[in-house]
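# following is a predicted model, sequence given first.
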Amino acid sequence: MTGAIHFDQVRLPASAQALRREVRAFLADEIAAGTFDPRRGVASAVFHPEFSRKVGARGWIGMTWPRRYGGGERSFLERYVVTEEFRVANAPVGLHFTADRQSGPMLLRHGSERLKAEILPRITRGECCFCIGMSEPGSGSDLFAASTRAGRCDGGWRVTGTKVWTTAAHRADYMIGLFRTSPRTAADRRHGLTQFLVDMRAPGITVTPIRDMSGRREFDEVVFDDAFVPDEHVLGEIDLAWKQATSELAYERSGPERFLETSYLLFELVRVLGDRPDVRAAEGIGRLVAQLHALRRMSVSVAGMLEAGQEPTLEGSIVKDLGTTWQQTLPPRARDLTAFLDPAAPGREVFDALLDYATLAAPKLTIQGGTTEILRGIIARGLGLR
C-alpha cells in the first residue's frame with residue numbers, strides 16, 4: 001500500500017542556492033529601509049502593493065511561467081527558495097501570493113489566450129490579486145459537495161450561492177470559483193462542477209468579513225446573487241472540473257508556507273531561551289527543528305515532482321496535514337518550554353506577544369487549504385484504505 005506515496009530525494013541545485021543569497025540581500029535591504037519588520041509583520045497587514053511591484057520587477061512572480069506572459073521560465077525549485085525566504089522573513093506578499101502559487105498556473109492550463117495575455121502579465125508585475133472560491137457553508141472542504149450554482153444564460157452564466165473561508169476576497173481582483181453546473185450522478189459524485197474566472201467587481205457579488213480570534217480579517221464570505229460570468233471565463237471542461245481542482249490542490253497544499261506560517265515563534269523561542277538552554281529546553285527545540293527539517297525535505301521533494309511535470313496531490317496533502325499539525329502544536333510547546341523562564345529575561349516581552357498571537361491564529365490553519373479530516377480522507381483513499 002505504501003507504494004502510493006513517493007517522495008523523491010530532491011536536492012536544491014546551485015542555481016537555487018545562488019538565488020537564495022540574492023533574495024536574502026533584497027529582503028535585508030527592504031527591512032533596513034523600513035518596508036516591513038519581520039518580528040512584527042506577522043500580526044500586521046500582509047498586503048503591500050509597492051513591495052509586490054518590487055518583487056515583480058525582480059522577476060520573482062510567475063517564475064516558472066513562459067516569458068511571453070511575463071514569466072521567467074525558471075524552475076519550481078528556484079521558486080521554492082523565493083517562497084521559503086519570503087515566508088521566513090514574514091514579507092508582505094499577500095497581494096500576489098495566491099495568484100503566483102495557483103491561480104496563474106490554472107489560467108495557463110485552462111484559460112483562453114486572450115485571458116492569459118491580459119491577466120498573467122499583470123500578475124507577474126505584482127498588480128493583480130486573486131482569491132479561491134472553493135469551500136461553502138454546508139460542505140466545508142468537501143469540494144464535491146459544492147452547491148453554488150452556475151446556470152446558463154445568454155452569453156454566459158448566472159451564479160447564485162455562497163463561498164466561505166475565502167482568503168482576501170475583499171482585496172481580490174479575481175476569483176477562480178468552483179460552481180455546480182449539473183447535478184452530480186449516483187455513479188460519480190464528482191460530476192457536475194466547473195471552474196470559472198470571476199471578476200470580483202462584477203454586480204451581484206457581496207463580500208462580508210470573517211475575523212479570526214486575533215481580530216484579523218483574512219477570510220471572507222462571498223455571496224453571489226445572480227452574478228454574471230461570461231462564457232470566455234469558463235476554465236477547462238464543463239462539469240469535469242474535479243480533475244482540475246485536485247490538480248490545483250497540489251500547488252496549494254505543498255509549499256513551505258504550509259509549515260512556516262508560525263515559524264516566527266520558533267525563532268523567537270530560540271532567542272528567548274538564549275545560547276545556553278537547559279537540557280529540557282534544548283531537547284524540545286531539537287525535536288521541533290528535526291520535525292521542521294523533515295517537513296522541509298518533503299516540501300522540496302514535491303517542488304521537484306512539480307518540476308518534473310508530475311501532479312503529487314497525495315504527497316501535497318501529506319505536507320499540508322503534517323505541516324498544520326506541527327504549526328498548531330508549536331504554540332503550546334513553546335509555552336511549555338518557557339514555563340520556568342524568568343519573566344524579566346531579555347526578549348520575553350516580544351516572545352509573549354508573539355506567543356499570544358500564534359495561539360489565537362493557529363486554529364485557522366486547519367481551514368486554509370483543506371481541513372485535517374478531508375486531507376486524511378484523501379490520503380486514505382490514495383493508500384487504498386477507503
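Cool, the structure landed.
# burial count for F97?
Residues near F97, counting by other CB atoms under 10 Å, number 26. Glycine gets a C-beta too; all of them are placed from N, C-alpha and C.
# who's in contact with it?
The neighbourhood of F97, defined by CB atoms under 8 Å, 6 or more residues apart in numbering, consists of E257.
# now H293
H293 makes no contacts at all, as judged by CB under 8 Å, 6+ apart.
# buried stuff in the helix or strand where it lies?
Remark: H293 resides in helix 279-307, with elements defined by DSSP states H and E. Of the residues in helix 279-307, 281, 284-285, 288, 291-292, 295-296, 298-307 count as buried by neighbour count, 16 or more other CB atoms under 10 Å.
# in three-state terms, label L197 for me.
strand (DSSP: H, G, I helix; E, B strand; the rest coil).
# let me see the contact set for the closest residue to T208 other than its chain neighbours.
Closest residue to T208 apart from its sequence neighbours, by CB to CB, 6 or more residues apart in numbering: E221 at 4.6 Å. E221 is in contact with P137, T162, K163, V164, T166, V207, T208, P209, I210, counting by CB under 8 Å, 6+ apart.
# ok, E221 to C153 distance?
Distance of E221 to C153, given as CB to CB, to the nearest Å: 24 Å.
# that older thread, quick check: ChimeraX command selecting the buried ones in the contacts of E221.
For anyone working in ChimeraX, the buried entries among the contacts of E221, judged by 16+ other CB under 10 Å, can be selected with:
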select :162,163,164,166,207,210
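# distance from the helix holding H293 to the middle of the chain?
Centroid displacement of helix 279-307 relative to its chain, using CA atoms, centre = their mean, to the nearest Å, is 18 Å.
# then stretch 329-339?
25 Å.
# returning to that earlier point: now the very next helix or strand once past the helix holding H293: buried residues?
Per DSSP H and E, the first helix or strand lying C-terminal to helix 279-307 is helix 313-337. The neighbour-count check on helix 313-337 (16+ other CB under 10 Å) flags 313-328, 330-331, 333-335, 337 as buried.
# kindly report the same for stretch 10-24.
By neighbour count with 16+ other CB under 10 Å, stretch 10-24 contains the buried residues V10, L12, A16, L19, R20, V23.
# average pLDDT across that stretch?
In this model, stretch 10-24 has a mean pLDDT of 94.
# now for the closest residue to P92 other than its chain neighbours: which residues touch it?
Counting by CB to CB, 6+ apart, P92 lies nearest to H48, which is 3.7 Å off, once chain neighbours are set aside. Taking CB under 8 Å, 6+ apart, we find H48 in contact with T35, F36, P92, G94, L95.
# on the three-state scheme, V350 is what?
Under the three-state scheme (three-state DSSP), V350 adopts helix.
# can you list the low-confidence ranges for the stretch 101-250 of the chain?
By pLDDT under 70, the low-scoring segments of the stretch 101-250 of the chain are 140-142, 245-250.
# what about the strands in it?
130-133, 149-153, 156-167, 174-180, 193-199, 205-211, 217-230, 234-235 (DSSP state E, counting those that start in this stretch).
# which residues touch the residue nearest to Y69 when sequence neighbours are not counted?
Leaving aside its chain neighbours, Y69 sits nearest to L120 (3.9 Å; criterion: CB to CB, 6+ apart). By CB under 8 Å, 6+ apart, the residues touching L120 are G62, W65, Y69, G70, G71, G104, L107, L108.
# show me what contacts the second one?
Right, W65. Residues in contact with W65 (CB under 8 Å, 6+ apart) are G71, G72, E73, G104, P105, L108, L120, T124.
# buried residues in stretch 115-123, which are they?
Buried residues in stretch 115-123, counted by 16+ other CB under 10 Å: L115, K116, I119, L120, P121, R122, I123.
# now swap in stretch 74-92 and tell me
Neighbour count says stretch 74-92 has 74-92 buried, by 16+ other CB under 10 Å.
# from R217, how far off is A362?
Per CB to CB, A362 is found 17 Å from R217.
# which residue of the two possesses the greater neighbour count?
Per other CB under 10 Å, whichever of A362 and R217 has more neighbours is A362, with 22 against 13.
# am I right that the more buried one is in contact with R333?
No: taking contacts as CB atoms under 8 Å, A362 lies outside contact range of R333: 11.4 Å.
# need the pLDDT of P256.
At P256, the pLDDT value in this model is 87.
# per-residue pLDDT of the nearest residue to it once chain neighbours are set aside, please?
The shortest distance from P256 to any non-neighbouring residue, by CB to CB, 6+ apart, is to E84 (4.5 Å). For E84, the pLDDT comes out at 94.
# and E84, what does it touch?
By CB under 8 Å, 6+ apart, the contact list for E84 reads P256, L260, R296.
# make it 10 Å
Applying CB atoms under 10 Å, 6 or more residues apart in numbering, one finds that E84 lies in contact with 12, 16, 20, 23, 255-257, 260, 263, 296, 299-300, 303.
# now the residues you listed as TSV including distance to G236?
Below are the contacts of E84 laid out as TSV (distance: CB to CB, whole Å):
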residue	distance to G236
L12	32
A16	31
R20	35
V23	33
G255	23
P256	28
E257	25
L260	31
S263	35
R296	32
S299	27
V300	29
A303	24
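# max pairwise distance over these: which two?
Farthest apart among these by CB to CB are A16 and S263. That separation is 19.4 Å.
# which residue ranges make up each domain of this protein?
Annotated domains of the chain cover 2-128, 132-240, 254-382 [automatic domain parsing].
# tally of neighbours for the closest residue to P203 other than its chain neighbours?
Nearest residue to P203, sequence neighbours excluded (CB to CB, 6+ apart): A227, at 6.8 Å. Counted with other CB under 10 Å, residues neighbouring A227 total 22.
# my read is that A227 contacts C153, right?
No: applying CB atoms under 10 Å, one finds A227 not in contact with C153, separated by 11.1 Å.
# how about the helices in the stretch 1-150 of the chain?
Secondary structure of the stretch 1-150 of the chain by DSSP state H, counting those that start in this stretch: the helices cover 14-32, 49-57, 76-88, 97-98, 104-110, 113-124.
# pipe those into JSON lines and attach distance to L240 per row.
As requested, the helices of the stretch 1-150 of the chain are exported to JSON lines (distance: least, CB to CB, whole Å):
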{"stretch": "helix 14-32", "distance to L240": "36"}
{"stretch": "helix 49-57", "distance to L240": "33"}
{"stretch": "helix 76-88", "distance to L240": "26"}
{"stretch": "helix 97-98", "distance to L240": "23"}
{"stretch": "helix 104-110", "distance to L240": "11"}
{"stretch": "helix 113-124", "distance to L240": "19"}
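# alright, calling it a day.
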